[in-house]
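Peer 1: just the structure for this:
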Amino acid sequence: MKRLIVDPIRCDAYGYCAELAPELISFDSWGYPIIQPQVPRGLEGMAKEMVAVCPRRALILRDD
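Peer 2: Just a heads-up that it's a prediction; the model follows:
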């Protein structure tokens, strides 16, 4: 299973990640992502796409 991590220092709250995968990410009151850390097997492709489109490279996908 994959694990999704956000680097809060790099994140500028653009919101592209939550647009691509609302199943995995929601926003806090300031617009920063709240991530479901464990990525279900069926959503791994979507998680990889989120990591690729993040303009600040704030998302990291790791093997758990």
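Peer 1: need the contact list for residue 10.
Peer 2: Residue 10 sits next to 56-58 when contact means Cβ atoms under 8 Å, 6 or more residues apart in numbering. Every C-beta, even on glycine, is put in place using the N, C-alpha and C of the backbone.
Peer 1: just the CA trace of the lowest-mean-pLDDT helix or strand in the chain, in PDB.
Peer 2: For the chain, scoring each helix and strand by mean pLDDT, DSSP states H and E identifies helix 16-20 as the least confident one, at a mean of 88. This file holds the C-alpha atoms of helix 16-20, laid out as PDB (Å, rounded to 0.1, in the frame of the first residue of the first chain):
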ATOM      1  CA  TYR A  16      -4.900  20.900  -7.700                       C
ATOM      2  CA  CYS A  17      -4.500  17.800  -5.600                       C
ATOM      3  CA  ALA A  18      -8.000  18.000  -4.100                       C
ATOM      4  CA  GLU A  19      -9.500  18.700  -7.500                       C
ATOM      5  CA  LEU A  20      -7.900  15.500  -8.800                       C
END
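Peer 1: could you check how far that helix is from the centre of its chain?
Peer 2: Put simply, helix 16-20 sits 8 Å off its chain's centre (Cα atoms, centre = their mean, to the nearest Å).
Peer 1: so what does that helix touch, helix or strand wise?
Peer 2: Under the contact criterion of 3 or more Cβ pairs under 8 Å, 6 or more residues apart in numbering; DSSP states H and E, helix 16-20 touches strand 25-27, helix 44-53.
Peer 1: touching the helix or strand following the shortest one from outside, list them.
Peer 2: This points to strand 25-27. Along the chain past strand 25-27, the next helix or strand (assigned with DSSP states H and E) turns out to be strand 33-35. With contacts defined as Cβ under 8 Å, 6+ apart, strand 33-35 is touched by 4-6, 11, 13, 15, 17-18, 24-28.
Peer 1: which of the contacts of residue 10 count as buried?
Peer 2: Using 16 or more other Cβ atoms under 10 Å as the burial test, the contacts of residue 10 include residue 58 as buried.
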